[in-house]
Structure formats: structure tokens, C-alpha cells
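S.K.: sequence unknown, structure follows:
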């Protein structure tokens, strides 16, 4: 990790160990670290909302998340994981309210390959035994 705070940042897990590293695409867009040239360039922030437990309440093994981190980091050059304080998702299902404790993974991409994301989501739904896993993309402007 660079000590100047430019290009990468680390996110730590509950034990304080480095959880992941995110490589800033802004530097690539700017070329040679001139971040002013990246200003105004559109990127996509892709967020994956993954459950902590299966439908019976059993927590998933940490290796399941490690696999996701590795896959996304290799494909996109980095990933940010929000795993310290799980978020809680709630929704109406039939006549009752359901909920999940979730962790969020994020990657930055210049383009969205919808076919790849549809296949990856289906694979994650099988691995995490979910009817639906939310993957959403937000268009962001690099400042």
C-alpha cells in the first residue's frame, strides 16, 4: 500500500487485519497521477449486498467472502469490503417482514458488462443459497 494516500486504501476486518485493497481507477484515468484530468469522468460503482447467514440462520464461512474478494479484485483491480458493522436489509415478503444482516462489497468499473454480472449474480445466489442477491450499479463522477 502506498503511504501517500493516493491510489490505494486498505479496509480492515474485525480483527484489524487488512481485508482488501482498492486500486483507484481515477489515477489510471488521469494518467501519471494527475488527478485533475480525471475530474468529470464517469465511472460505475458496483455494489454487492451479501447475506451473513443462510435462510436457516447459519453464518457463512469467511472463505465464502474471501473467494468473492479474490474474484472481484482480480477482475477489477481492487475491491472495498464493508464487513465491520453489518447492515440490515428488510423487505415485505407475503404477509410478513423478512430481514437479512448483510455485508457490502464495492468495485469501480468504467463499463458495465451486464451479461457477466447476470452470470456472476446467479453464481452467488447458488453459493449463498439465496433467491436473489442484490447487485446494483451507480454512475459516479470522479472528482
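M.R.: Arrived safely. From a predicted model like this one, the values you see are computed outputs, not experimental measurements. Numbering: from 1, shown residues only.

S.K.: From one end of stretch 102-115 to the other, what's the distance?
M.R.: 24 Å (C-alpha to C-alpha, to the nearest Å).

S.K.: Any idea how far the strand or helix carrying residue 140 is from the middle of the chain?
M.R.: Taking DSSP states H and E as the definition, residue 140 sits inside strand 134-141. For strand 134-141, the distance from its own C-alpha centre to the chain's C-alpha centre is 10 Å (C-alpha atoms, centre = their mean, to the nearest Å).

S.K.: Equivalent analysis for stretch 117-133, please.
M.R.: A distance of 14 Å separates the C-alpha centroid of stretch 117-133 from that of its chain, computed with C-alpha atoms, centre = their mean.

S.K.: can you pull out the helices in the chain?
M.R.: Read by DSSP state H, the chain holds these helices, from start to end of the chain: 25-30, 62-76, 114-127.

S.K.: which residues make contact with the strand holding residue 140 from outside it?
M.R.: Counting contacts by C-beta atoms under 8 Å, 6 or more residues apart in numbering, the residues outside strand 134-141 that touch it are 40-49, 89, 108-109, 112, 117, 120-121, 124. For the C-beta atoms, the positions are set from N, CA and C on the backbone; glycine is no exception.

S.K.: run the last query once more with 6 Å
M.R.: When contacts are taken as C-beta atoms under 6 Å, 6 or more residues apart in numbering, the neighbours of strand 134-141 outside the stretch itself are 42-49, 112, 117, 121.

S.K.: Now which of these would you call buried?
M.R.: Under a neighbour-count criterion of 16 or more other C-beta atoms under 10 Å, the subset of the contacts of strand 134-141 counted as buried comprises 43, 46, 48-49, 121.

S.K.: Show me the residues you listed that map onto strands.
M.R.: 43, 46, 48-49 (DSSP state E).

S.K.: and of these, the nearest to residue 63?
M.R.: Within the set of these, residue 48 lies nearest residue 63; the separation is 16.7 Å, counting by C-beta to C-beta.

S.K.: just checking, that closest one touches residue 105?
M.R.: Yes: using C-beta atoms under 6 Å, residue 48 is in contact with residue 105, at 4.4 Å.

S.K.: State the distance from the residue nearest to residue 106 when sequence neighbours are not counted to residue 60.
M.R.: Counting by C-beta to C-beta, 6 or more residues apart in numbering, residue 106 lies nearest to residue 80, which is 4.5 Å off, once chain neighbours are set aside. Counting by C-beta to C-beta, to the nearest Å, the gap from residue 80 to residue 60 is 19 Å.
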